[in-house]
Every structure is written in C-alpha cells, then in structure tokens.
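Enquirer: Sharing a model prediction with you, sequence too.
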Amino acid sequence: NAGVTQTPKFQVLKTGQSMTLQCAQDMNHEYMSWYRQDPGMGLRLIHYSVGAGITDQGEVPNGYNVSRSTTEDFPLRLLSAAPSQTSVYFCASSMHRGRGQPQHFGDGTRLSIL
Amino acid sequence: GENVEQHPSTLSVQEGDSAVIKCTYSDSASNYFPWYKQELGKGPQLIIDIRSNVGEKKDQRIAVTLNKTAKHFSLHITETQPEDSAVYFCAAGDGNNRLAFGKGNQVVVIP
C-alpha cells in the first residue's frame, strides 16, 4: 500500500515564484489536510477538505490555495512564495471527518524559499 | 482555538527505564487525543490514541492516560529501547477531526 504520497520531497524556490505541492492517497479517504512544520512550532493546519469539491481554512491559510477535484488528490498551491513559507509540509488523510478518525501522514515536502 | 502544551521538550532516559510525556489542552470540547511518533526525515506516525470517554488505553509497552477534569493527558513508554528514540507529538482533536498539535518532545534512549 502506498498510503499518502507527497511530491516533490525537496524543493528550492525564489521569492515570488509559484509552485504546487502534490498529495495523493490510495485509501479512498474522504478527509485530507495540509500541515506545515516549523522548528519549535509543532504542526499547524493550513487547509483541509472533507470530500471532493469541499475545502476549508485551517489555522494558517494565508498565502496558500487548495482544491479537491478528486477523492485521491489534494494539491497545495503557493501563489507567490515568501521566505516565511520555508518549512516542511505534510499532507494527511483519514477515512472521514468524524471524531477520532486516525490521520495518516505522508513523508513531507521540504521547501526552501530564497 | 485549542492550545496544546507539551512538556518536557527533551527527555533522556536509560534503556529499559520508563519515559513519560505530559500534555495539557485548553478547549474542554476536544474529545480525541492521539500521539504521534516522528523519526528523522519521516512523517508523523500514529502510535496510540484515546477518546474522551476513556481514561486509559494500553498497547504493549505504550499507554496513554487522560484526565478530562484537569485537561491533561500523558504518554507512558515502558522498557524503553533505542528504537523508541524519536520526536513525539501529542494532539487534541475536535468533532470535525481538526487536530491541534503540541510542539513535540525529543526522546533520547541511551543504550
């Protein structure tokens, strides 16, 4: 089982560039989410989706866009990269949005903005 | 929003000893409390979780306890082994499965 797959694993961007972080899951999970992990900050929720066509903002959504056209894919877009967006980004999925559904994480995308 | 505090930030234990990590949360509506283990270069992996209607849960060498009145929960690892060395995160979840994470705890098991 592939689980949650994130690509790329590493990326370096210049300030102002745009890019899309890809996330795909093969578990037919309804709920998907994006987190960023910064040193000493834990994981913070950026955006989440409870199903195809439905997305919502998390704790730190500014500077990021998401869409969910299929159950499997949940890409995260940086419209105009800023140095403050240097971070490790994790995608996660769970069966549905209900209480206490275990979330499965990918191995992350390490992003540096110069 | 929910605020999760995790202590201590770093914990060193001798192999075979027990390790305890404590977390507190602020929102009494939180009802799901998972613990994740993160190894270097990997994503967090769920190791145990507990729901608000349960006070304690065990899985082999790992246990979690929850005190809803005091709003704190703890991870207990017994008979620690070198492969237990990792960063451990606690989290508190609401009814919509949104998780608020603590800042993480580095556990070092000394052989």
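Expert: Happy to help now that I have it. Quick caveat, the model's predicted, so the values are computed rather than measured.
Enquirer: Return the set of buried residues in stretch B:37-47.
Expert: B:37, B:38, B:43, B:44, B:46, B:47 (16 or more other Cβ atoms under 10 Å in any protein chain shown). C-betas here are computed from N, CA, C, even on glycine.
Enquirer: Oh, that last question was meant for stretch A:36-43, not what I typed.
Expert: For stretch A:36-43, a neighbour-count test (16+ other Cβ under 10 Å) marks A:36, A:37, A:42, A:43 as buried.
Enquirer: Can you give me the distance of the residue in chain A that chain B sits nearest to to residue B:101?
Expert: Closest to chain B within chain A is residue A:105: 3.5 Å, counting by Cβ to the nearest Cβ. Going from residue A:105 to residue B:101 by Cβ to Cβ, to the nearest Å gives 11 Å.
Enquirer: cool, and residue A:60?
Expert: Between residue A:60 and residue B:101 the computed distance is 12 Å (Cβ to Cβ).
Enquirer: who has more neighbours, the two?
Expert: A count of neighbours by other Cβ atoms under 10 Å in any protein chain shown puts residue B:101 above the other of residue A:60 and residue B:101, at 23 against 18.
Enquirer: Report pLDDT for that one.
Expert: For residue B:101, the model assigns a pLDDT of 92.
Enquirer: got a list of what the residue in chain B that chain A sits nearest to touches?
Expert: Residue nearest to chain A within chain B: residue B:43 (3.5 Å; Cβ to the nearest Cβ). Residues near residue B:43 by Cβ atoms under 8 Å, 6 or more residues apart in numbering or on different chains: A:4, A:90, A:92, A:105, A:106, A:107, A:108.
Enquirer: So residue A:79 versus residue A:63, what's the distance?
Expert: Distance of residue A:79 to residue A:63, given as Cβ to Cβ: 7 Å.
Enquirer: And residue B:70, by the same measure?
Expert: 37 Å.
Enquirer: more neighbours, those two?
Expert: Ranked by neighbour count (other Cβ under 10 Å), residue B:70 and residue A:63 place residue A:63 first, with 14 against 8.
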